[in-house]
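Q: sequence first, then the predicted structure, then my questions.
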Amino acid sequence: MMLLLRQIIMLTGKDLRIEARSRQTLGLVIVLGILIIVVLGLGLGPEQLTNGASATATLWVAYLFAGVLVFEKTMSVERHDGALASLLLAPIDRSVIYVAKLISNLILMLILALVITPVAVVLFGFDLSAAPGQFTMIMAMSILGFAAVGTLFAAVVSSTRLQGGLLAIVVLPLALPLVIASTQMMIQLFRDGKPIGGTGLTVLLAADVLYLVTSWLVFELILEP
Amino acid sequence: MKQMNSIFVSIYWLATLALLAIGVVMVFAYTPTEVTMGPVQKIFYLHLPIAICTFFSCLTVFVASVGYLWQRKAMWDHLAHAAAQVAVIYAAIVLLTGMIWGRAAWGAWWQWTPRLTFSLVLWLLYVVYLVIRPSIESSQRRAMICAVYGVVAFLDVPLVYLSVRLMPDIHPSSIELEPAMKSTLIFWFIPVIMVTVGLIAASFKLAKRQAACNITRELPLPKSKTARPLRPTITSGNRGVV
Amino acid sequence: MTATDLITADKQSPQADALDWVIRARGLSLHIDDRAILHDLTFDINPGSYVALLGANGAGKSTLLHMLATLTVPTAGELRLFGKRVGRGNPAIRANIGMIGHQPMLYRDLTALENLVFFGKLYNVKNPTDRAEELLDQVALSHRADDPACTFSRGMVQRLAIARALMHNPKLLLADEPFSGLDMASGRMLENLLAQLHAQGMTIVLVNHDIEQSLALAQRAIALRQGRIVVDAQTCELDLETVIQEIGIS
C-alpha cells in the first residue's frame, strides 16, 4: 500500500514538474477557458448570463473543453520520445499509471477552475452566493467523473490517428450524463432557488464510481507503447 | 450447404417483408384512429418496438465488447460493429418518429423532454462508436478501443436515463390502448425483431467477409540450411522449420 | 558464472532448470489481423549470454524484442523470464529487464539527471542520485547532467537512453538498434560498454541491422526471416555470406 502510494506520488510529481518547467498545459487551457466564457457570454448577452443557470452552464462548457485539452496534453508528455514505454517497462502496476495520471489531471483541472471561475464571476456578475457549497460539490463530482473517463480515453486516443482535438468527440458523449445531471441541478439551485434532490447526486456518484472502476479495470488493456 | 444457407436467408427476408406488410395493413385497416392525436398516433406501432430493439442492439454491442475483451477474437468485434450500426439506425428512427409525434402533440419538432433527450444522447453515443472506427488503423487496436468504448457507452445508458429524469417531463406516460391497438402493437414486435436480427446478421457477415479479404496470404516457408540445433541442450531450433 | 558452467549445472540437476534460463520461449507466435508476424518461435537464452537478433527489415526482430520486454503479448505460446511465466499482473518480473528502444523513452523537459533519478526511483534503486551520476560519467554526459534532454543531440540522447536502461542494473538487457545515431567514437564506447556488461554477467540481446558488427560482438546469433527462425548458431560458426543469404529480403 505504502509502495503504491509512493509510486503514485512519484509519477504525479514527475507530471507536475514537467508542467512547471514547460508550462505547456496550464497557460493554454486557462486562456482557452476564458475565451470560451467570453465567446459564450457575448453570444448569450449580459441579461441571460446574470441568470444563474446559464452562467453555470457557461462555466461547464469552459471546464469541459479546457479539460479535454488538459487530458490530451498530459498524455502527450508520455508520447514524446516513447516515454510511456519506459513506464510500461518499469515494475509498477499499470493501474498505478492510470491513477497517477488521473491525479495530475485533477490537480491541473483544479487550478483551471480556481482561475476561470472567479473570472466568470467578475466578468458577468454571476451570483454564486446562493449556494457556493453545493456548486463546488456538484462541480467537483462532475469533474472527477469527467477526468476519470477523459484520462482513460486520452491514453487510447494518443496512440491513434484520432489525435488533435478529437478526444472531445469520444469523451463528450460519454460525459453527457454528468452534464445533464449537473446542469439540471444548477437550474434547480440558481434559477428556481430550490434545494437539489437526491437523484442528481446519485447520478453523479454512480457515474464517478462507474467511470473510475471501469477505467481502472481496462486501462491495462488499452495501453500500448 | 451454402445454397441452403442463401435459401434460408431469402425465405427469412420474404417472411419478414410479408409480416411487415400485414402489420401495415393492420395499422391502417384494423386499428381505430386515436381521438386526441389523430392518425399521427399510428407511428407508435413502429416507435415502441424499434425503441426496444434499439436497446437490444446496444446490449448486443455491450455483450460483444465484453466478449472481445475476454477472448480477443475478431468475431466479437465484427458483431459489436454490426450491432452498433443497427443501434444507430434504430436510434435515429426512434428519434425521428418521436419528433413527429412531438410535432403533433406539442406543435414543436423539438422539446427538451427526457425521452427525446434520451434518444438523442443514445444516438450520439453510438454514432461516435461508428465514426471513430475508421480513424484507427490497426484492426486489433480498433477492436480493443471500440470494445472499451462499447462497454463504457452501454454502462452510460442507465446513467443517461436517470439524469434525463431530472428534466421537466411532458411525455405521455401511459396511453389508453384499445384491444385492437394492443394486438397490433404486439404483432408489430414480430417483424421488427426479425428485421433487427436479420440486419445484425447481415452486417456481421459482411464485416467477416471484409476481414477475410484483408488477410494477406502467408508466403511459403523459407528453406533453411543453417537452422540446425548446434547445442541441443540449449537451442532446440525452430519447430516450425525443422 | 559462465554459460558453460550453467549448461553443466543443468545436466546435473534438471529440476533447477527454472533458474538456468533467463529467457525460455516455447512456440511464441504473434498474429496481427490474421497475419503472422512471429511464427512458432522456440528458443532458450541462458544467463550471461550475448545474443544478436538478426533479420531483414520487417522480419520481426523488434517485435520479438518487445515481446521479450513484456510490452507485446504473444497470441500463442509461452514465454518465461527468469523462471517465471510472463502474464498479466506480474510487474515484478519487469524489474530485471533493461531496454534500449527505437525511441529514447525519456522525458524531454526533465534534465538528464532528473530523468535518471526518476527512473531509478521507479525501480526502487538505492541512492538513485549517486547511481545516476556514476552512469552519466560512464556515458560521458556528466558535463550536461543539469540540461534538459530536449537540448541534447541525437547521439547524446541515445547515450542517455543507454544510461536509463542500466539505471537499475538489470540482469537482462534488450537493445534495439542501440548503435543508430551514434558517431564512431560513441559507437565504440557502446561496444565496449556492452562487452564490459557482458563480462560482468549480464545477459544481452542485441537487435542490430549491421550483421558484421553483430557477429563480431555477440556469442550467438538468432536470425529471423518472415517471423521464423532461420539461423540459430554460435557466431564463431557463422560467416557473413551465409547469414545474409539466409536472411534474404522480406
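A: Right, received. Where do you want to start?

Q: isn't residue C:76 right up against residue C:29?
A: Yes - counting by CB atoms under 8 Å, residue C:29 is a contact partner of residue C:76 at 4.2 Å. All C-beta spots, glycine's among them, are computed from the backbone N, C-alpha and C.

Q: return every residue with contacts to both of those two.
A: Common neighbours of residue C:76 and residue C:29, using CB atoms under 8 Å, 6 or more residues apart in numbering or on different chains, are residue C:40.

Q: more neighbours, those two?
A: A count of neighbours by other CB atoms under 10 Å in any protein chain shown puts residue C:29 above the other of residue C:76 and residue C:29, at 16 against 13.

Q: what is the least confident helix or strand in the chain?
A: No chain in the question, so chain A it is. The helix or strand of chain A with the poorest confidence is helix A:46-49; it has a mean of 68 (mean pLDDT, DSSP states H and E).

Q: wrong one, I was asking about chain C
A: Result, chain C / mean pLDDT, DSSP H and E: helix C:3-12, a mean of 39.

Q: for residue C:14, give me the pLDDT.
A: On the pLDDT scale, residue C:14 is placed at 40.

Q: whoops, residue C:237 was the one
A: Reported pLDDT for residue C:237: 83.

Q: equivalent analysis for residue B:8, please.
A: For residue B:8, the predicted pLDDT is 86.

Q: what does residue B:184 give?
A: pLDDT, read off for residue B:184, is 80.

Q: right, and it touches residue B:26 too?
A: Yes - between residue B:184 and residue B:26 there is a contact at 4.8 Å, judged by CB under 8 Å.

Q: still on that earlier bit, the helix or strand following the least confident helix or strand of chain A near chain B anywhere?
A: Once the chain leaves helix A:46-49, the next helix or strand it forms, by DSSP states H and E, is helix A:52-79. No - using CB under 8 Å from any CB of the partner chain, helix A:52-79 stays clear of chain B, coming no nearer than 12.7 Å.

Q: what helices and strands are in contact with helix A:52-79?
A: Under the contact criterion of 3 or more CB pairs under 8 Å, 6 or more residues apart in numbering or on different chains; DSSP states H and E, helix A:52-79 touches helix A:2-22, helix A:26-44, helix A:46-49, helix A:83-89, helix A:94-124, helix A:132-157, helix A:167-186.

Q: again, 7 Å this time
A: Judged by 3 or more CB pairs under 7 Å, 6 or more residues apart in numbering or on different chains; DSSP states H and E, the packing partners of helix A:52-79 are helix A:2-22, helix A:26-44, helix A:46-49, helix A:94-124, helix A:132-157, helix A:167-186.

Q: the helix or strand hosting residue B:143 close to chain C?
A: Take DSSP H and E as the rule and residue B:143 turns out to sit in helix B:139-164. Yes - using CB under 7 Å from any CB of the partner chain, helix B:139-164 reaches chain C at B:139-140.

Q: mind checking how far that helix is from the chain centre?
A: Per CA atoms, centre = their mean, to the nearest Å, the displacement of helix B:139-164 from the mean C-alpha position of its chain is 13 Å.

Q: try stretch A:170-179
A: Worked out by CA atoms, centre = their mean, stretch A:170-179 lies 11 Å from the chain centre.

Q: any bit of that stretch sitting next to chain B?
A: Yes - Stretch A:170-179 is in contact with chain B by CB under 7 Å from any CB, via A:170, A:173-174, A:176-177.

Q: residues contacting that stretch, please?
A: Applying CB atoms under 7 Å, 6 or more residues apart in numbering or on different chains, the external contacts of stretch A:170-179 come out as A:60, A:64, A:68, A:142, A:145-146, A:149-150, A:153, A:157, A:203-204, A:207, B:121, B:124-125, B:128, B:132, B:149, B:152-153, B:156, B:159-160, B:163.

Q: pLDDT (mean, whole number) over that stretch?
A: Stretch A:170-179 shows an average pLDDT of 90 in the prediction.

Q: what about the strands in chain C?
A: Per DSSP state E, chain C carries strands over the ranges C:23-32, C:35-45, C:50-55, C:76-81, C:84-85, C:97-100, C:172-176, C:203-207, C:220-225, C:228-234.

Q: so residue C:71 sits against residue A:88, correct?
A: Yes - using CB atoms under 7 Å, residue C:71 is in contact with residue A:88, at 5.9 Å.

Q: looking at these two, which one has more neighbours?
A: Taking other CB under 10 Å, residue C:71 and residue A:88 do not tie; residue A:88 has more neighbours (23 against 20).

Q: so what's residue B:162 closest to, chain neighbours aside?
A: residue A:203 (4.8 Å; CB to CB, 6 or more residues apart in numbering or on different chains).

Q: excluding chain neighbours, what is closest to the residue in chain A that chain C sits nearest to?
A: Of all residues in chain A, residue A:82 sits closest to chain C, at 3.1 Å by CB to the nearest CB. The shortest distance from residue A:82 to any non-neighbouring residue, by CB to CB, 6+ apart, is to residue C:103 (3.1 Å).

Q: now residue A:97
A: residue A:87 (5.6 Å).

Q: for chain C, list the residues in contact with chain A, please.
A: C:69, C:71, C:88, C:91-92, C:94-95, C:97, C:99, C:101, C:103-110, C:118-119, C:121-123.

Q: for chain B, same thing?
A: B:69, B:121, B:124-125, B:128, B:132, B:135-137, B:141, B:144-145, B:148-149, B:151-153, B:155-156, B:159-160, B:162-167.

Q: among these, the buried ones, what's the PyMOL command?
A: Those of these that count as buried under 16 or more other CB atoms under 10 Å in any protein chain shown are selected in PyMOL with:
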select buried, chain B and resi 69+121+124+125+128+132+135+136+141+144+145+148+149+151+152+153+155+156+159+160+162+163+164+165+166+167
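
Q: low-confidence stretches in chain A?
A: Chain A contains residues with pLDDT under 70 at A:46, A:49-52, A:160-165, A:224-225.

Q: give me the number of residues near the residue nearest to residue A:82?
A: Residues near residue C:103, counting by other CB under 10 Å, number 18.

Q: and what of the one 5 residues further on?
A: In terms of burial, residue C:108 registers 18 neighbours under the definition other CB under 10 Å.

Q: so what's it closest to, chain neighbours aside?
A: residue C:150 (3.8 Å).

Q: now swap in residue C:86 and tell me
A: residue C:79 (4.6 Å).

Q: next: residue C:198.
A: residue C:50 (4.8 Å).

Q: who touches residue A:184 in this structure?
A: So residue A:184 contacts A:200, B:166-167 (CB under 7 Å, 6+ apart).
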